[in-house]
Structure formats: C-alpha cells, structure tokens
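# The amino acid sequence is not available; the structure is as follows:
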C-alpha cells in the first residue's frame, strides 16, 4: 500500500503529462471496445443468418454428405428422427430440408438451380427469408405446387407470379425426375448466389422426386443461443442412434463461415495489438521521464538503505496505478461509445441494398453487440500494457549507483 501511495504521489507531480498519457490509454481502450463490439455484432448477425439459412446450430445428416455433398445421401424416415429431436429439445425449433441440384425450365429459358425443400412454417421461424419476399407470398405447408424463387432467377427465366416452371433432376442417380411448379413468390436477399440459384418449395413436393422413404438432406436444430450448441450437440449424438447418420455442430456444418469469423477476429486483434504497443510507448515515455526527473531522489533513498528492487517495484506500481485508472475510464468511455451503435447502428444502405460475406447476405444496417466475454478482459489489457511498459524504466532504476545518482544533475 505504501508503494501504491508513493506511486500515486509521483504521478501527480506532473499532472498534465499523466493526464495526457491516461487519455491515450483510455481512448485506445474505448476505440478497441467500440470497434470490437461493432465487429462482434456484425459477426453475430452473419452467424445468425448463416446458421438459419445454411444449417442449424446442430445438424443431422447422412454420413459422408458433408464431404461429398451428394444428393443421394439422405436421411430416410426423417419424420421419425425429427420427432426424436423435438422430444429431446422441446424448446428448440427442429426443421427438415431436402436439397437437390437440377435444372429449372420456363417457356422461354432454362437455368441451373438448387431446389430447397423445406417445411415453410418451421423455416420461417429460423430465417427471415419470408420477410424478403418482394412480390407474391411465402409458401404454405400444404402447397404441393408452389415455388419461391430469387429475383435474379425470375428475371433470367422471364416469368411472373403464377407462371409455371418445370424442375428436372436425377436425385437417386437413376432416372431423371421432373415436377411442375407454379411461382408463388419472389424474394430478394441481395446475394447473387442465393437470388440466382436457390428455389424454395415445400418439403413434400421435393420428396416426390425421390424413390427413398421420407427423405431429408438435413434435420436442423435451431436454438435460442449459440452458447447452447455444445451441450445440445453432445445430447443429440446420444439421441440419434440410427446407423449411417452423423450429428454436427454448426462450426463443422458450415466451416467456411466459421473460419472466416475466426480469421476476421484474429485480424482485428492484430490491429489492436499494434495500437496497444503504440499506447505502451506513451506509457514508457511518461514513466521513464518521471524516473529521470527523480534520479537524485532515488540516490538518496538507496543511500539510506532502500533496496534497488524496492525502487523498481515502486516504478512498476506507477505503471499499475496509471493502467488501473486509465482502464476504468477507458471501459466507461467504451460503453458510452458502443451504446449508440447498439441502439441505432450504422446505416450503410446508401452503398446498396445488401452485402455478401463468405456467401452469406448481410444487412446494410449494422448494429453493435456488447461482447460480454471480452468486456472483463479490457481492463486487464490496459493494466497489462501499462505494467509491461514500466519494466524498462524499472530496470533502469536497478542499474543506478547511489553515489552517481546523488551527483546527477
């Protein structure tokens, strides 16, 4: 406590220099928090969209489908498997999907497409694609002939709401199967890959293309929070015991998205590490100048018996006090900076209707989210850099000779 009191007194000797250094550390932390919370919100939005659109928090599919992406690899008796999962996870949303690549033809054109058979009411609970319908309406569960298509695909086929199209595919690897559909709605996500390639139909309609009994490409379990993924996945591996099936968490079901988020987060951390080093140089300057101004004082203290190690600890205590005060202020400023980003976000609609990252359409209105896991780390970052920056000045003190220090001008 005595060292901390002395450290505080020494820092207050030159109040202006100390305040300038504290301002640098605090603003650096605040910018780090605000930027990270905005990136975290963007990543969460991306993951919610990707998990809802491309997979689920936990996915059950035929063994080998993840590697081969073969339409012949399906989950048979999918209704029974889905019911097992619903009973095991009553608070989760469980939905089946059937994915088939083929050809869609209209009276004027033809286009390659991925047919996506879904349970419309269940699908609408986990993705906002029903809100992106710009013309027509979302599909009904009992609509055996309805099809929903992206704006780009509709333009390429030259069709309108109510027109007929024919989908042809060879899902079982044998004979070519075809089915007639009528366009019920047109959606727009802003992603060319989705709007120009994916056509959505009710699950029962897509199952009519198969010879297998009650097939589904994947059975997706959607949870309220991503934090529930691991325990749910572990429990699901015990619930789904049928041969030939595999249970995957979303990190393995959509690895490209997962790796992108990890890489983007690591890149941001690298940038802020460099900023931390720059701020640390300011701390080095403050503490070192404070040490150089007190060389004679240190000489007297050593002459009366104070060990150099104690002096070094006092210098480190100055860095600790500087870091603690700056961390408190920095976290407060960071929360203030993040608040409008959380509530109001950043509207980038002037740059376009939507943007796409790793094949996932994102909203042009970005919102920050408080990264609570890192919120408690930020103070230690500020304190850690301050103490580390004080190591060199503290080492300089241990090299002082009492006689030379007293004679220092």
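That came through fine. Model, not experiment: these values are computed from the prediction. Numbering: from 1, shown residues only.
# Which helix or which strand is home to the residue positioned nearest the centre of the chain?
Nearest to the mean C-alpha position of the chain, counting by CA atoms, centre = their mean, stands residue 43 at 2.8 Å. Here residue 43, judged by DSSP states H and E, is contained in helix 15-54.
# In that helix, which residues are buried?
Neighbour-count burial for helix 15-54 flags 18, 21-22, 24-54 (criterion: 16 or more other CB atoms under 10 Å). Any C-beta I mention is one placed from the backbone N, CA and C, and that applies to glycine too.
# what's the answer for stretch 131-144, then?
For stretch 131-144, using 16+ other CB under 10 Å, the buried residues are 132-133, 136, 138-139, 143.
# related to what we said a few turns ago, and the helix holding residue 43, how far from the chain's centre?
Distance, stretch centre to chain centre, for helix 15-54: 13 Å (CA atoms, centre = their mean, to the nearest Å).
# quick thing: my sequence starts at 564, can you match it?
New numbering, starting at 564: the last item is helix 578-617.
# Now that helix: average pLDDT?
Confidence over helix 578-617 (mean pLDDT, whole number) is 85.
# other SSEs contacting it?
helix 813-816, helix 818-855, helix 871-906, strand 923-926, strand 928-929, helix 935-938, helix 941-952 (3 or more CB pairs under 8 Å, 6 or more residues apart in numbering; DSSP states H and E).
# Among these, which comes closest to residue 710?
Closest approach to residue 710 among these is made by strand 923-926 (20.1 Å; CB to CB).
# what's the model's confidence in the closest one, averaged?
Average pLDDT, strand 923-926: 68.
# same deal with stretch 894-903?
Averaging pLDDT along stretch 894-903 yields 90.
# Quick one: residues contacting the residue nearest to the centre of the chain.
The neighbours of residue 606, taking CB atoms under 8 Å, 6 or more residues apart in numbering as the test, are 824, 827-828.
# Could you check how far it is from residue 932?
Going from residue 606 to residue 932 by CB to CB, to the nearest Å gives 9 Å.
# Same check on residue 814?
19 Å.
# cool, and residue 762?
Note on residue 762: its distance to residue 932, by CB to CB, is 33 Å.
# Neighbour count: these two, which is higher?
Ranked by neighbour count (other CB atoms under 10 Å), residue 762 and residue 932 place residue 762 first, with 24 against 17.
# Show me which parts of the top strand by length along the chain are buried, residue by residue.
Longest strand in the chain by number of residues (criterion: DSSP state E): strand 656-668. For strand 656-668, a neighbour-count test (16+ other CB under 10 Å) marks 656-663, 665-668 as buried.
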